[in-house]
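Undergrad: Could you work out the structure for the sequence below:
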Amino acid sequence: MATSLVAAVLTAAAARLPTVKLNTGAEMPTMLWGSGGSTQENATSTAPAVAMALEVGFPGLDCANHYHNQVGVAAGIKASGVKAADIWLETKVEPCGHSLITPVRPGHCFNDTLAAFEQNLDQLGVASVNMTLIHSPPCVPNSTWADPQCMWPDQPDAVYPQHCNCAAAQPCAMMQEQWKALEQMLAAKKTGAIGVSNFCKACLECLAKVSTVVPAVNQLQYHVGMQDPAGLVAYNTARGTVVQAYSPLGGDDFATILHNPTVTKIAAAHSKSTAQVALRWVLQQGLALATSTVKKEYMEEDLGSYGWALTSEEMATLTKLDISTDDPVKAMCLL
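TA: Here you go, the predicted model:
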(Lines give C-alpha, C1' and ligand atoms only; values in the text may rest on other atoms or scores of the structure.)
Protein backbone atom coordinates (compact mmCIF):
# COMPACT_ATOMS: atom_id res chain seq x y z
CA MET A 1 0.00 0.00 0.00
CA ALA A 2 1.34 3.44 -0.88
CA THR A 3 2.56 5.55 2.02
CA SER A 4 -0.02 8.27 1.37
CA LEU A 5 -2.84 5.73 1.39
CA VAL A 6 -1.52 4.15 4.59
CA ALA A 7 -1.47 7.57 6.22
CA ALA A 8 -5.06 8.15 5.15
CA VAL A 9 -6.15 4.78 6.55
CA LEU A 10 -4.40 5.46 9.87
CA THR A 11 -5.93 8.92 10.09
CA ALA A 12 -9.40 7.50 9.50
CA ALA A 13 -8.79 4.75 12.05
CA ALA A 14 -7.57 7.23 14.65
CA ALA A 15 -10.74 9.26 14.19
CA ARG A 16 -12.88 6.14 14.51
CA LEU A 17 -11.20 4.35 17.40
CA PRO A 18 -11.51 5.86 20.86
CA THR A 19 -8.56 6.14 23.20
CA VAL A 20 -8.31 5.76 26.95
CA LYS A 21 -6.40 8.27 29.03
CA LEU A 22 -3.61 6.76 31.11
CA ASN A 23 -2.43 8.03 34.47
CA THR A 24 0.54 9.52 32.60
CA GLY A 25 -1.80 11.72 30.58
CA ALA A 26 -1.10 9.76 27.39
CA GLU A 27 -3.99 8.60 25.20
CA MET A 28 -3.73 4.87 24.46
CA PRO A 29 -5.77 3.25 21.67
CA THR A 30 -8.46 1.03 23.12
CA MET A 31 -7.66 -1.72 20.60
CA LEU A 32 -4.21 -2.97 19.62
CA TRP A 33 -3.19 -5.77 17.31
CA GLY A 34 -1.32 -8.40 19.33
CA SER A 35 1.68 -10.27 17.97
CA GLY A 36 1.47 -13.05 20.55
CA GLY A 37 -1.29 -15.10 18.94
CA SER A 38 -0.93 -17.28 15.87
CA THR A 39 2.34 -15.60 14.89
CA GLN A 40 4.10 -16.38 18.16
CA GLU A 41 7.60 -17.80 17.77
CA ASN A 42 7.59 -17.14 14.02
CA ALA A 43 9.14 -13.82 12.99
CA THR A 44 8.74 -14.67 9.29
CA SER A 45 4.96 -14.99 9.45
CA THR A 46 4.72 -11.99 11.79
CA ALA A 47 5.92 -9.40 9.26
CA PRO A 48 3.07 -9.72 6.73
CA ALA A 49 0.49 -9.93 9.53
CA VAL A 50 1.81 -6.71 11.11
CA ALA A 51 1.80 -4.92 7.78
CA MET A 52 -1.77 -6.05 7.13
CA ALA A 53 -2.95 -4.99 10.60
CA LEU A 54 -1.57 -1.50 10.10
CA GLU A 55 -2.98 -1.25 6.60
CA VAL A 56 -6.53 -2.11 7.70
CA GLY A 57 -6.38 0.51 10.42
CA PHE A 58 -5.04 -0.85 13.71
CA PRO A 59 -3.50 2.15 15.51
CA GLY A 60 -0.91 0.18 17.44
CA LEU A 61 0.78 -3.11 18.27
CA ASP A 62 1.20 -5.21 21.41
CA CYS A 63 4.55 -7.05 21.42
CA ALA A 64 6.94 -8.93 23.71
CA ASN A 65 10.35 -10.53 23.47
CA HIS A 66 8.65 -13.63 24.89
CA TYR A 67 6.93 -14.06 21.52
CA HIS A 68 10.21 -14.60 19.63
CA ASN A 69 9.04 -12.35 16.80
CA GLN A 70 9.83 -8.69 17.43
CA VAL A 71 12.29 -8.63 14.54
CA GLY A 72 9.33 -9.66 12.40
CA VAL A 73 7.25 -6.89 13.95
CA ALA A 74 9.89 -4.35 12.92
CA ALA A 75 9.95 -5.79 9.40
CA GLY A 76 6.17 -5.60 9.20
CA ILE A 77 6.13 -1.95 10.27
CA LYS A 78 8.71 -1.15 7.61
CA ALA A 79 6.79 -3.05 4.93
CA SER A 80 3.58 -1.20 5.78
CA GLY A 81 5.10 2.17 5.03
CA VAL A 82 3.98 3.43 8.44
CA LYS A 83 6.48 5.12 10.72
CA ALA A 84 6.88 3.41 14.07
CA ALA A 85 6.58 6.83 15.71
CA ASP A 86 3.06 7.18 14.29
CA ILE A 87 1.64 4.09 16.01
CA TRP A 88 1.27 2.94 19.62
CA LEU A 89 4.05 0.44 20.29
CA GLU A 90 3.87 -1.70 23.43
CA THR A 91 6.38 -4.31 24.57
CA LYS A 92 7.17 -6.42 27.64
CA VAL A 93 10.16 -7.63 29.63
CA GLU A 94 10.41 -11.13 31.05
CA PRO A 95 9.67 -11.62 34.75
CA CYS A 96 12.68 -12.06 37.00
CA GLY A 97 13.58 -15.73 37.25
CA HIS A 98 12.48 -16.51 33.70
CA SER A 99 15.26 -17.53 31.32
CA LEU A 100 13.54 -18.72 28.15
CA ILE A 101 14.24 -15.65 26.01
CA THR A 102 16.13 -12.89 27.77
CA PRO A 103 17.52 -14.09 31.10
CA VAL A 104 16.42 -11.90 34.01
CA ARG A 105 18.23 -13.62 36.87
CA PRO A 106 17.36 -13.56 40.56
CA GLY A 107 19.96 -11.36 42.20
CA HIS A 108 20.34 -9.41 38.96
CA CYS A 109 16.73 -8.35 38.41
CA PHE A 110 17.50 -4.63 38.02
CA ASN A 111 20.41 -4.82 35.57
CA ASP A 112 18.99 -7.74 33.61
CA THR A 113 15.66 -5.93 33.22
CA LEU A 114 17.51 -2.93 31.77
CA ALA A 115 19.32 -5.24 29.36
CA ALA A 116 16.09 -6.99 28.37
CA PHE A 117 14.44 -3.65 27.74
CA GLU A 118 17.29 -2.48 25.52
CA GLN A 119 17.07 -5.75 23.59
CA ASN A 120 13.40 -5.01 22.94
CA LEU A 121 14.31 -1.64 21.46
CA ASP A 122 16.99 -3.25 19.30
CA GLN A 123 14.64 -5.94 18.04
CA LEU A 124 11.92 -3.40 17.24
CA GLY A 125 14.40 -1.01 15.66
CA VAL A 126 13.24 1.99 17.69
CA ALA A 127 14.72 4.42 20.20
CA SER A 128 11.65 4.35 22.43
CA VAL A 129 8.25 2.73 22.88
CA ASN A 130 4.92 3.98 24.20
CA MET A 131 4.47 1.31 26.87
CA THR A 132 6.57 -1.33 28.62
CA LEU A 133 5.07 -4.04 30.83
CA ILE A 134 6.54 -6.60 33.21
CA HIS A 135 5.13 -9.70 31.56
CA SER A 136 4.13 -11.53 34.75
CA PRO A 137 5.01 -12.01 38.42
CA PRO A 138 8.46 -13.52 39.03
CA CYS A 139 9.33 -17.17 38.76
CA VAL A 140 10.64 -18.84 41.90
CA PRO A 141 12.06 -22.39 41.77
CA ASN A 142 11.12 -25.39 43.90
CA SER A 143 7.41 -24.74 43.98
CA THR A 144 4.50 -27.02 43.16
CA TRP A 145 3.40 -25.05 40.10
CA ALA A 146 3.71 -27.67 37.35
CA ASP A 147 5.56 -25.75 34.66
CA PRO A 148 8.92 -27.25 33.63
CA GLN A 149 10.24 -23.93 32.36
CA CYS A 150 9.06 -21.52 35.02
CA MET A 151 8.11 -22.72 38.47
CA TRP A 152 5.60 -20.54 40.27
CA PRO A 153 5.71 -19.97 44.03
CA ASP A 154 3.36 -21.79 46.32
CA GLN A 155 2.89 -19.61 49.37
CA PRO A 156 -0.37 -18.28 50.82
CA ASP A 157 -2.05 -15.25 49.33
CA ALA A 158 -5.30 -13.87 50.75
CA VAL A 159 -7.17 -14.06 47.45
CA TYR A 160 -5.17 -16.41 45.22
CA PRO A 161 -3.83 -19.25 47.39
CA GLN A 162 -1.07 -21.27 45.74
CA HIS A 163 -1.20 -19.26 42.51
CA CYS A 164 0.31 -15.95 43.54
CA ASN A 165 2.62 -15.12 46.42
CA CYS A 166 3.54 -11.55 45.62
CA ALA A 167 3.28 -10.70 49.31
CA ALA A 168 6.15 -13.07 50.12
CA ALA A 169 9.53 -11.42 50.61
CA GLN A 170 11.56 -12.99 47.78
CA PRO A 171 9.21 -12.52 44.81
CA CYS A 172 8.12 -9.10 46.05
CA ALA A 173 11.74 -7.91 46.18
CA MET A 174 12.33 -9.28 42.67
CA MET A 175 9.33 -7.36 41.32
CA GLN A 176 10.41 -4.18 43.05
CA GLU A 177 13.84 -4.35 41.41
CA GLN A 178 12.25 -4.79 37.99
CA TRP A 179 9.91 -1.89 38.62
CA LYS A 180 12.83 0.36 39.59
CA ALA A 181 14.49 -0.53 36.28
CA LEU A 182 11.39 0.40 34.31
CA GLU A 183 11.10 3.64 36.29
CA GLN A 184 14.61 4.47 35.14
CA MET A 185 13.64 3.87 31.51
CA LEU A 186 10.55 6.02 32.03
CA ALA A 187 12.67 8.86 33.41
CA ALA A 188 15.02 8.50 30.43
CA LYS A 189 12.00 8.82 28.10
CA LYS A 190 12.79 5.50 26.48
CA THR A 191 9.25 4.40 27.32
CA GLY A 192 6.27 6.68 27.59
CA ALA A 193 4.55 4.62 30.28
CA ILE A 194 5.16 1.51 32.35
CA GLY A 195 2.81 -1.20 33.52
CA VAL A 196 2.39 -4.86 34.34
CA SER A 197 0.69 -7.98 33.07
CA ASN A 198 -0.96 -10.84 34.93
CA PHE A 199 -0.57 -9.03 38.26
CA CYS A 200 -2.82 -9.83 41.24
CA LYS A 201 -3.74 -7.39 43.99
CA ALA A 202 -0.85 -8.54 46.17
CA CYS A 203 1.59 -7.93 43.30
CA LEU A 204 0.35 -4.36 42.87
CA GLU A 205 0.50 -3.79 46.60
CA CYS A 206 4.10 -5.00 46.59
CA LEU A 207 5.10 -2.34 44.06
CA ALA A 208 3.25 0.36 46.00
CA LYS A 209 5.51 -0.28 49.00
CA VAL A 210 8.52 1.19 47.19
CA SER A 211 7.08 3.40 44.45
CA THR A 212 4.57 6.16 43.91
CA VAL A 213 4.46 5.31 40.19
CA VAL A 214 1.18 3.45 39.72
CA PRO A 215 1.22 1.00 36.78
CA ALA A 216 -0.49 2.66 33.83
CA VAL A 217 -1.78 -0.69 32.54
CA ASN A 218 -2.37 -4.18 33.89
CA GLN A 219 -2.81 -6.56 30.96
CA LEU A 220 -5.01 -9.47 32.02
CA GLN A 221 -6.81 -12.30 30.31
CA TYR A 222 -10.43 -11.18 30.39
CA HIS A 223 -13.39 -12.09 28.22
CA VAL A 224 -17.10 -12.83 28.10
CA GLY A 225 -18.01 -15.90 30.14
CA MET A 226 -15.04 -15.52 32.48
CA GLN A 227 -15.82 -14.44 36.01
CA ASP A 228 -13.72 -12.09 38.14
CA PRO A 229 -14.25 -13.46 41.68
CA ALA A 230 -11.83 -11.08 43.40
CA GLY A 231 -12.96 -7.95 41.59
CA LEU A 232 -9.54 -7.47 40.03
CA VAL A 233 -10.83 -5.34 37.15
CA ALA A 234 -12.59 -2.90 39.49
CA TYR A 235 -9.58 -2.86 41.82
CA ASN A 236 -7.24 -1.78 39.01
CA THR A 237 -9.66 0.84 37.75
CA ALA A 238 -10.01 2.35 41.21
CA ARG A 239 -6.22 2.65 41.45
CA GLY A 240 -5.96 4.48 38.13
CA THR A 241 -4.60 1.46 36.25
CA VAL A 242 -6.21 0.67 32.91
CA VAL A 243 -7.08 -2.99 32.40
CA GLN A 244 -6.08 -4.14 28.94
CA ALA A 245 -7.66 -7.48 28.08
CA TYR A 246 -5.72 -10.12 26.21
CA SER A 247 -7.48 -13.15 24.71
CA PRO A 248 -10.68 -11.03 24.65
CA LEU A 249 -12.40 -13.68 22.54
CA GLY A 250 -11.49 -16.41 25.00
CA GLY A 251 -8.42 -18.41 25.75
CA ASP A 252 -8.62 -22.12 25.06
CA ASP A 253 -12.41 -22.09 24.77
CA PHE A 254 -13.06 -19.29 22.27
CA ALA A 255 -15.41 -21.54 20.29
CA THR A 256 -17.59 -21.97 23.38
CA ILE A 257 -18.00 -18.21 23.58
CA LEU A 258 -18.41 -17.48 19.88
CA HIS A 259 -21.04 -20.20 19.48
CA ASN A 260 -22.87 -19.59 22.74
CA PRO A 261 -26.65 -19.20 22.17
CA THR A 262 -26.88 -16.07 24.34
CA VAL A 263 -23.99 -14.36 22.56
CA THR A 264 -25.41 -15.46 19.20
CA LYS A 265 -28.84 -14.02 20.01
CA ILE A 266 -27.39 -10.66 21.03
CA ALA A 267 -25.24 -10.57 17.90
CA ALA A 268 -28.27 -11.19 15.69
CA ALA A 269 -30.16 -8.36 17.38
CA HIS A 270 -27.44 -5.93 16.30
CA SER A 271 -26.58 -7.55 12.96
CA LYS A 272 -23.08 -8.10 14.30
CA SER A 273 -20.86 -11.15 14.67
CA THR A 274 -20.44 -12.93 17.99
CA ALA A 275 -16.78 -11.84 17.99
CA GLN A 276 -17.85 -8.22 17.71
CA VAL A 277 -20.27 -8.67 20.61
CA ALA A 278 -17.52 -10.18 22.77
CA LEU A 279 -15.11 -7.36 21.97
CA ARG A 280 -17.81 -4.74 22.44
CA TRP A 281 -18.54 -6.13 25.92
CA VAL A 282 -14.92 -5.45 26.92
CA LEU A 283 -14.74 -2.02 25.30
CA GLN A 284 -18.05 -0.83 26.68
CA GLN A 285 -16.71 -1.32 30.21
CA GLY A 286 -14.19 1.40 29.46
CA LEU A 287 -11.38 -1.12 29.14
CA ALA A 288 -8.77 -1.61 26.44
CA LEU A 289 -7.85 -4.81 24.63
CA ALA A 290 -5.34 -6.51 22.37
CA THR A 291 -6.69 -8.91 19.79
CA SER A 292 -4.76 -11.16 17.45
CA THR A 293 -5.51 -12.64 14.05
CA VAL A 294 -3.58 -13.02 10.80
CA LYS A 295 -6.68 -12.94 8.58
CA LYS A 296 -7.65 -9.62 7.02
CA GLU A 297 -11.39 -10.27 7.25
CA TYR A 298 -11.11 -10.92 10.99
CA MET A 299 -9.01 -7.80 11.49
CA GLU A 300 -11.68 -5.73 9.76
CA GLU A 301 -14.35 -7.52 11.78
CA ASP A 302 -12.56 -6.65 15.03
CA LEU A 303 -12.41 -2.98 14.07
CA GLY A 304 -16.17 -3.14 13.49
CA SER A 305 -16.66 -3.42 17.25
CA TYR A 306 -16.91 0.39 17.45
CA GLY A 307 -19.72 2.77 16.51
CA TRP A 308 -22.56 0.87 18.16
CA ALA A 309 -23.51 -0.21 21.66
CA LEU A 310 -24.93 -3.08 23.65
CA THR A 311 -27.92 -2.28 25.85
CA SER A 312 -27.50 -2.20 29.62
CA GLU A 313 -29.54 -5.39 29.82
CA GLU A 314 -27.30 -7.11 27.28
CA MET A 315 -24.19 -6.00 29.14
CA ALA A 316 -25.58 -7.40 32.38
CA THR A 317 -26.53 -10.68 30.69
CA LEU A 318 -23.08 -11.11 29.19
CA THR A 319 -21.39 -10.25 32.49
CA LYS A 320 -23.35 -12.96 34.27
CA LEU A 321 -22.41 -15.65 31.73
CA ASP A 322 -20.21 -18.30 33.33
CA ILE A 323 -19.26 -20.50 30.40
CA SER A 324 -15.48 -20.28 30.29
CA THR A 325 -13.21 -23.17 31.20
CA ASP A 326 -10.38 -20.70 31.86
CA ASP A 327 -9.52 -20.60 35.56
CA PRO A 328 -10.09 -16.94 36.50
CA VAL A 329 -7.42 -17.12 39.18
CA LYS A 330 -4.73 -18.62 36.99
CA ALA A 331 -5.76 -16.81 33.83
CA MET A 332 -5.99 -13.33 35.36
CA CYS A 333 -2.81 -13.46 37.40
CA LEU A 334 -0.30 -15.67 35.67
CA LEU A 335 1.16 -15.91 32.19
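Undergrad: Just checking: what are the partner strands of the host helix or strand of residue 218?
TA: Assessed by DSSP states H and E, residue 218 sits inside strand 217-221. With DSSP bridges as the test, strand 217-221 is paired with strand 194-197 (parallel), strand 242-246 (parallel).
Undergrad: Please name every helix or strand in contact with the helix or strand just after it.
TA: As assigned by DSSP H and E, the chain's next helix or strand after strand 217-221 is helix 232-239. On a contact count with 3 or more Cβ pairs under 8 Å, 6 or more residues apart in numbering; DSSP states H and E, helix 232-239 meets helix 201-208, strand 217-221, strand 242-246. Yep, even glycine has a C-beta here, placed from its N, CA and C like the rest.
Undergrad: wait, which of the ones you listed is closest to residue 58?
TA: Closest to residue 58 of the helices and strands packed on helix 232-239 is strand 242-246 (Cβ to Cβ; 14.3 Å).
Undergrad: neighbouring contacts of the closest one?
TA: Outside strand 242-246, the residues that touch it by Cβ atoms under 8 Å, 6 or more residues apart in numbering are 20, 22, 28, 32, 34, 36, 62, 197, 216-223, 232-233, 236-237, 282, 287-290.
Undergrad: what residues does the next helix or strand after that strand touch?
TA: Proceeding C-terminally, strand 242-246 gives way to helix 254-258 as the next helix or strand, assigned by DSSP H and E. Helix 254-258 has contacts (Cβ under 8 Å, 6+ apart) with 223-225, 247, 249-250, 263, 274-275, 278, 323-325.
Undergrad: re the thing from before, turn the helices and strands packed on helix 232-239 into CSV, including mean pLDDT and mean neighbour count.
TA: Putting the helices and strands packed on helix 232-239 into CSV (pLDDT from 0 to 100; neighbours: other Cβ atoms under 10 Å) gives the following:
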stretch, mean pLDDT, mean neighbour count
helix 201-208, 90, 20
strand 217-221, 94, 26
strand 242-246, 96, 24
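Undergrad: which one of the ones you listed lies closest to residue 69?
TA: Closest approach to residue 69 among those (Cβ to Cβ): strand 242-246, 15.7 Å.
Undergrad: angle of the closest one against helix 232-239?
TA: Strand 242-246 and helix 232-239 are oriented at 150 degrees to each other (axes from the mean of the first three to the mean of the last three Cα atoms, to 10 degrees).
Undergrad: circling back: closest to residue 295 among the contacts of helix 254-258?
TA: Comparing the contacts of helix 254-258 against residue 295 with Cβ to Cβ places residue 275 closest, at 11.6 Å.
Undergrad: list the contacts for the closest one?
TA: Residues near residue 275 by Cβ under 8 Å, 6+ apart: 249, 258, 298, 301-302.
Undergrad: among those, who's most crowded?
TA: Neighbour tally across the contacts of residue 275 (other Cβ atoms under 10 Å): the maximum, 25 neighbours, falls on residue 302.
Undergrad: Name only those of the contacts of strand 242-246 that count as buried.
TA: 20, 22, 28, 32, 34, 36, 62, 197, 216-223, 232-233, 236-237, 282, 287-290 (16 or more other Cβ atoms under 10 Å).
Undergrad: how near is residue 25 to residue 236?
TA: 18 Å (Cβ to Cβ, to the nearest Å).
Undergrad: which residues in the stretch 1-150 of the chain form strands?
TA: Secondary structure of the stretch 1-150 of the chain (DSSP state E, counting those that start in this stretch): strands located at 19-21, 27-29, 31-34, 60-62, 88-93, 131-134.
Undergrad: Reformat those strands as a markdown table; add mean pLDDT and distance to residue 313.
TA: Shown next, in a markdown table, are the strands of the stretch 1-150 of the chain (pLDDT from 0 to 100; distance: least, Cβ to Cβ, whole Å):
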| stretch | mean pLDDT | distance to residue 313 |
| --- | --- | --- |
| strand 19-21 | 97 | 25 |
| strand 27-29 | 98 | 28 |
| strand 31-34 | 97 | 24 |
| strand 60-62 | 98 | 32 |
| strand 88-93 | 97 | 33 |
| strand 131-134 | 97 | 35 |
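Undergrad: can I get those in JSON lines with distance to residue 174?
TA: Output for those, formatted as JSON lines (distance: least, Cβ to Cβ, whole Å):
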{"stretch": "strand 19-21", "distance to residue 174": "29"}
{"stretch": "strand 27-29", "distance to residue 174": "27"}
{"stretch": "strand 31-34", "distance to residue 174": "26"}
{"stretch": "strand 60-62", "distance to residue 174": "24"}
{"stretch": "strand 88-93", "distance to residue 174": "12"}
{"stretch": "strand 131-134", "distance to residue 174": "10"}
